[in-house]
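Undergrad: I need the structure of the sequence given here:
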Amino acid sequence: MLDFERIDSTSVADVGGKGAHLGELSRIDDLRVPDGFCVTTDAFQRVVAAEPSFGARLDLLARAEPDDHAAIRTLSADVRRVVEGLEMPADLVAEIGASLARLGERAPCAVRSSATAEDLPTASFAGQQDSYLNVVGLEEVLRHVRRCWASLFTERAVTYRRRNGFGDREARMAVVVQRMVFPDAAGVLFTADPVTSNRKAATVEACWGLGEALVSGLVPGDVHTVRADGVVTTTVAVKSRLVQASPEGGTREVPVDPRRQSLPVLTDAQVLRLVRLGRRIEAHFGRPQDIEWCLTGDDFHIVQSRPITTLFPVPEAGDRDDHVYVSVGHQQMMTDAMKPLGLSVWQLTTPRPMFEAGGRLFVDVAPELATSEGRARILGTFGKADPLVTDALRSVLERGDFLSERADDERA
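TA: Reported below is the predicted structural model:
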């Protein structure tokens, strides 16, 4: 067992991606992260190694073709059945019980999967493994730990691993046991726009009750877009149902009072406060984040943060100056990514610096756009070659808050 205060970014092999991120989050000053602990990957390896049939079943699963969904479905279900039926040794049960007692033996907990190949900068595995809410008592925690272990072998998780180059034997599972938060509202925060890849626009999605209603698609959420510490757009959804903790354990769906269904979940002030927290988390991890949050009263609790893996990469600049990158390849009708040798040769022969991102080359036209003569020259050049790029450049210029105006260079 490892408590959150003993976990950091170097602990992925022991506690998986989710566990490592929770350990890091708990180190950020004045950030509310519900307390908890991790059942490490060593516990998982020890228990499955004691089951003789486990390895043989993994061998069968490994021989299934990646596109043979029927075989993967059948074989992965067989592996899960074995794992869910595993018997935990007495000393492991005692250790989990001791860690649980620190939270409160009857304290409701979230029991959440945390695989080593999860929440990585290049592959999120979000939603591939299972998590369970409002789990009460040692016996139920133990049962749900085994269910989390087994979820390492869902059909979706196995298929996703194959597509991303991970083997079934490479992935290991830890389990997070975390004190439950019973929120008035919950949702997700993206510190960069996952659709447009705009790193300066944050998106907040919110619903009543537990965030499960939002991530499961039960209800649409309110959506707020924030830029430059201001809410620029708000869409309020009709939220007819919510998910809340059930007295018997687990969760249940209940209707929302009709008077609240069309009310915004968060005020603008709360949205801005949440995004500021998100920016601190983003700075801590050094990259844009997908953050799960809960609101109780007027207090935000952060229950998860992972890298956004779908953003198109941006060139490494190493400074805080303004940059406007234009694709070189698109000017040449070369829209596909280039191989490293092609990128290298082109960079050796070009008269001006070119920057690589996503297998493509870009030039930084910000210095030219910052002067009136340079701006006319760039817009004129691209206006003849690519109207879409010209429109995009005009949109940047019309914002008025991005590029600092500079005097024309008499030497140009």
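
Undergrad: which of the residues in the helix or strand encompassing Thr390 are buried?
TA: Using DSSP states H and E, Thr390 sits within helix 387-399. Within helix 387-399, the residues that qualify as buried are Val389, Thr390, Leu393, Leu397, counting by 16 or more other Cβ atoms under 10 Å. (Each C-beta comes from the backbone N, C-alpha and C, glycine too.)

Undergrad: hmm, who's touching it?
TA: Applying Cβ atoms under 8 Å, 6 or more residues apart in numbering, the contact partners of helix 387-399 are 324, 326-327, 330, 365, 369, 375, 378-379, 382-383, 402-403.

Undergrad: give me that answer again for 7 Å
TA: Val324, Val326, Leu369, Ile378, Leu379, Phe382, Gly383, Phe402 (Cβ atoms under 7 Å, 6 or more residues apart in numbering).

Undergrad: What of stretch 192-209?
TA: Stretch 192-209 is contacted from outside by 183, 185-191, 213-214, 219, 221-227, 239, 242-244, 256, 260, 265-266, 271, 274-275, 278, 288, 308, 310-312, using Cβ under 7 Å, 6+ apart.

Undergrad: And that stretch, end to end?
TA: Terminal residues of stretch 192-209 are spaced 25 Å apart (Cα to Cα, to the nearest Å).

Undergrad: ditto for stretch 237-249
TA: 29 Å.

Undergrad: what about the chain, any weak spots by pLDDT?
TA: By pLDDT under 70, the low-scoring segments of the chain are 117-128, 404, 407-412.

Undergrad: Going along the chain, name the helices of the chain.
TA: Using DSSP state H, the helices of the chain run over 12-25, 41-49, 52-62, 69-84, 90-103, 138-150, 155-163, 212-215, 268-285, 328-331, 340-349, 366-369, 372-385, 387-399.

Undergrad: Measure how far the last one is from the centre of its chain, please.
TA: Between the mean C-alpha location of helix 387-399 and the chain-wide mean there is a distance of 30 Å, by Cα atoms, centre = their mean, to the nearest Å.

Undergrad: Next, the angle from that helix to helix 372-385.
TA: 150 degrees (axes from the mean of the first three to the mean of the last three Cα atoms, to 10 degrees).

Undergrad: Over to the first one?
TA: Here helix 12-25 runs at an angle of 130 degrees relative to helix 372-385 (the same axes, to 10 degrees).

Undergrad: Would you mind listing the outside residues contacting helix 12-25?
TA: Residues outside helix 12-25 that contact it (Cβ under 7 Å, 6+ apart): 2, 4, 7-9, 11, 31, 33, 36, 38, 40-41, 112, 114-116, 118-120, 173-174, 176, 281, 284, 302, 304-306.

Undergrad: Take those residues and keep only those in strands.
TA: Judged by DSSP state E, the contacts of helix 12-25 include 2, 36, 38, 112, 114-115, 173-174, 176, 302, 304-306 as members of strands.

Undergrad: which parts of stretch 319-339 are buried?
TA: Buried positions in stretch 319-339, judged by neighbour count with 16+ other Cβ under 10 Å: His323, Val324, Tyr325, Val326, Ser327, Val328, Gly329, Met338.

Undergrad: Go ahead and measure how far it is from the middle of the chain.
TA: 26 Å.

Undergrad: quick one: which of the buried residues of stretch 319-339 is nearest Arg163?
TA: Arg163 has its nearest neighbour among the buried residues of stretch 319-339 in Met338, at 23.0 Å by Cβ to Cβ.

Undergrad: Cross-check the contact I'm expecting between that closest one and Gly359.
TA: Yes. Contact criterion Cβ atoms under 7 Å: Met338 and Gly359 qualify, at 5.5 Å.

Undergrad: sorry, back to before: taking the ones in strands among the contacts of helix 12-25 together, which two end up most distant?
TA: Pairwise across the ones in strands among the contacts of helix 12-25, and taking Cβ to Cβ, the largest span is found between Met173 and Ile302, at 22.8 Å.

Undergrad: quick one, which of the two is more surrounded?
TA: Taking neighbours as other Cβ atoms under 10 Å, Met173 and Ile302 compare with Met173 leading, 28 against 25.

Undergrad: Can you name the residues that contact that one?
TA: Gly16, Thr41, Phe44, Ser113, Ala115, Cys148, Trp149, Leu152.

Undergrad: ok, the first one - how many residues close by?
TA: Think Gly16. By the criterion of other Cβ under 10 Å, Gly16 has 32 neighbours.

Undergrad: Contacts only, for the nearest residue to it once chain neighbours are set aside.
TA: Nearest non-adjacent residue to Gly16, counting by Cβ to Cβ, 6 or more residues apart in numbering: Ser114, 3.2 Å away. Counting by Cβ under 7 Å, 6+ apart, Ser114 touches Val15, Gly16, Gly17, Lys18, Gly19, Cys38, Ala174, Val175, Val176.

Undergrad: Done for today, thanks.
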